[in-house]
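[1] Using only what follows, build the 3D model:
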Amino acid sequence: MTKAYSLDLREKVMAYVNSGKKKIEEMKIFNLHRRTIYRWERRLREERLAATESKIQNPKKLYPEELREYIKNNPVKTLKEIGAAFRANDASALYRIRQLGITYKKTYYTRSRTKKSGEHSRNSSIKSK
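    Below is the predicted model of the structure:
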């Protein structure tokens, strides 16, 4: 995650904006994107130019050692059950399991393969005369 621009820089850019210069000049001088300048202008009108607080991310729920031990002790649990045990979702569980290099197969689900894709049975191409 990138760091927010300082309030000092924001104030300098807005002072430059208020002096009547064109936005294209501001973009070149301060090396900012056009949308950033427009956003700062809007925030200045709303009197909240300062940067907003960064979001605090939740700590990782699926610690590698704990997950490895859980799977070792509960080999028949589904991804949904593993996620629920760690208060995470099944996609997070699958992602972390793949990161650990653990092969994890569901034993209750099998797909039968009778034909390969693109193959046709012989009887379907024979016409009766």
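[2] Where in this structure is the helix or strand with the lowest mean pLDDT?
    The weakest-scoring helix or strand in the chain, judged by mean pLDDT, DSSP states H and E, is helix 122-125 (a mean of 47).
[3] ok, now how distant is A50 from R43?
    8 Å (C-beta to C-beta, to the nearest Å). Every residue, glycine included, has its C-beta placed from N, CA and C.
[4] wait, L100
    43 Å.
[5] Then R68?
    Taking C-beta to C-beta, one finds R68 at 47 Å from R43.
[6] Next, give phi and psi for A15.
    A15 adopts backbone torsions of phi -70, psi -40, taken as degrees, to the nearest 10.
[7] What about P75, how many residues nearby?
    9 (other C-beta atoms under 10 Å).
[8] Oh, that last question was meant for I97, not what I typed.
    Residues near I97, counting by other C-beta under 10 Å: 19.
[9] is it true that it touches K77?
    No. When contacts are counted by C-beta atoms under 8 Å, I97 is not listed as touching K77 (11.1 Å).
[10] which neighbours do these two share?
    Residues touching both I97 and K77 (C-beta atoms under 8 Å, 6 or more residues apart in numbering): I71.
[11] and the residue nearest the centre of the chain, what element?
    Nearest to the mean C-alpha position of the chain, by C-alpha atoms, centre = their mean, lies S92 at 11.1 Å. Using DSSP states H and E, S92 sits within helix 90-99.
[12] for that helix, packing partners?
    When contacts are defined as 3 or more C-beta pairs under 8 Å, 6 or more residues apart in numbering; DSSP states H and E, helix 90-99 sits against helix 64-73, helix 79-85.
[13] Tell me the buried residues in the first one?
    Spelled out, that is helix 64-73. The neighbour-count check on helix 64-73 (16 or more other C-beta atoms under 10 Å) flags 67, 70-71 as buried.
[14] Just list what that helix packs against, helices and strands only.
    helix 79-85, helix 90-99.
[15] List the contacts of it.
    Residues contacting helix 64-73 (C-beta under 8 Å, 6+ apart): 77, 82, 85-86, 93, 96-97, 99-100, 102, 104.
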